[in-house]
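just to be clear, the model below is a prediction. Sequence and coordinates:
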Amino acid sequence: MEVKKKEELRLEKNSTLYFAIGLAAILALFYLALEWKTYYPTYDRVAQLEIPDDLTEEVPITIQNLPPPPPPKIQTPPRIEVIEDDLDVKETVIESNEVDQDTEIAEVEDIEVATIDEPEEIPFSVIEDVPVFPGCEGASDKRACFQEKMQKHIRKNFRYPELAQEMGLQGRVNVGFTIQKDGQIGEIWMRGPHKLLEGEAQRIISRLPKMTPGKQRGTAVKVPFAIPITFKLQ
């Protein structure tokens, strides 16, 4: 007896339709894989600069080369001579060194005045005539005007590096420089948590204008100055 299958249960009947549906699904998945886009997260942090109202200088440690001490003087012990009693010995008269009316007074022109060796570098906090920032020539307190102009310069030229923001870098950078004898800015040094922040601090200081050099007893000297610059993310 031959087994007969029902016509509606035969798989071969709709094989073409199933093949078309499977092919369409595979093409759709392949299209989605090609068109899939990945978006990187955005940073909503706000970068800012923190500068205290009272700009306090961090006095750098300076090394002064002092002359070597003079060699000690070796005193020769007195020589004692034994003299016989029967010889006539002339006594030595010790003259007085006290000043009296017969003492001659030296002329002022003949007196040599010792010269005082001033150091070539004097910190900003102790120098007699501080360097003058452009715009502070007529200020009564040139020290306070210098600090105020420094604050304005840092705020005006401050740019938080974008890469530092993405990396979440922040912190305090100690930066110092020297105002040379001709008023130029030189010898810039930085110490901070990362090279990106140190580079930005160096860029700000390198844009400082030429100043009137500081003077000690009327002579132009080098003046070192150090301040902190704080980078902060919110």
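That came through fine.

what is the least confident helix or strand in this structure?
Lowest by mean pLDDT, DSSP states H and E among the helices and strands of the chain is strand 47-50, with a mean of 63.

what packs against the helix or strand following that strand?
Where DSSP states H and E defines the elements, the next helix or strand beyond strand 47-50 is helix 142-157. Applying 3 or more C-beta pairs under 8 Å, 6 or more residues apart in numbering; DSSP states H and E, we find helix 142-157 packed against helix 195-206. C-beta here means a position set from N, CA and C on the backbone, and glycine is covered the same way.

elements contacting the helix it packs on?
In terms of contacts (3+ C-beta pairs under 8 Å, 6+ apart), helix 195-206 is packed against helix 142-157, helix 162-166, strand 171-179, strand 185-191, strand 223-233.

can I get those in a markdown table with mean pLDDT and distance to residue 208?
As requested, those are exported to a markdown table (pLDDT from 0 to 100; distance: least, C-beta to C-beta, whole Å):
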| stretch | mean pLDDT | distance to residue 208 |
| --- | --- | --- |
| helix 142-157 | 90 | 6 |
| helix 162-166 | 88 | 22 |
| strand 171-179 | 91 | 7 |
| strand 185-191 | 90 | 5 |
| strand 223-233 | 89 | 10 |
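
so for residue 75, which of these sits nearest?
strand 223-233 (44.7 Å; C-beta to C-beta).

name the helices or strands packed onto that closest one?
Looks like strand 223-233 contacts strand 47-50, strand 171-179, helix 195-206 (3+ C-beta pairs under 8 Å, 6+ apart).

what about 7 Å?
strand 47-50, strand 171-179 (3 or more C-beta pairs under 7 Å, 6 or more residues apart in numbering; DSSP states H and E).

what strands flank the last one, and is each parallel or antiparallel?
Strand partners for strand 171-179, identified by DSSP bridges, are recorded as strand 185-191 (antiparallel), strand 223-233 (antiparallel).

looking at those, which is closest to residue 179?
Going by C-beta to C-beta, the one of the strands paired with strand 171-179 nearest residue 179 is strand 223-233, 4.5 Å.

give the buried residues for that closest one.
223, 224, 225, 226, 227, 228, 229, 231 (16 or more other C-beta atoms under 10 Å).

out of these, give me the two with the largest separation.
Across these (C-beta to C-beta), the longest gap, 26.2 Å, separates 223 and 231.

quick one on the thing from earlier: redo the buried residues of strand 223-233 as JSON lines? Include distance to residue 27.
Converted to JSON lines, the buried residues of strand 223-233 look like this (distance: C-beta to C-beta, whole Å):
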{"residue": "223", "distance to residue 27": "76"}
{"residue": "224", "distance to residue 27": "73"}
{"residue": "225", "distance to residue 27": "71"}
{"residue": "226", "distance to residue 27": "68"}
{"residue": "227", "distance to residue 27": "66"}
{"residue": "228", "distance to residue 27": "63"}
{"residue": "229", "distance to residue 27": "59"}
{"residue": "231", "distance to residue 27": "52"}
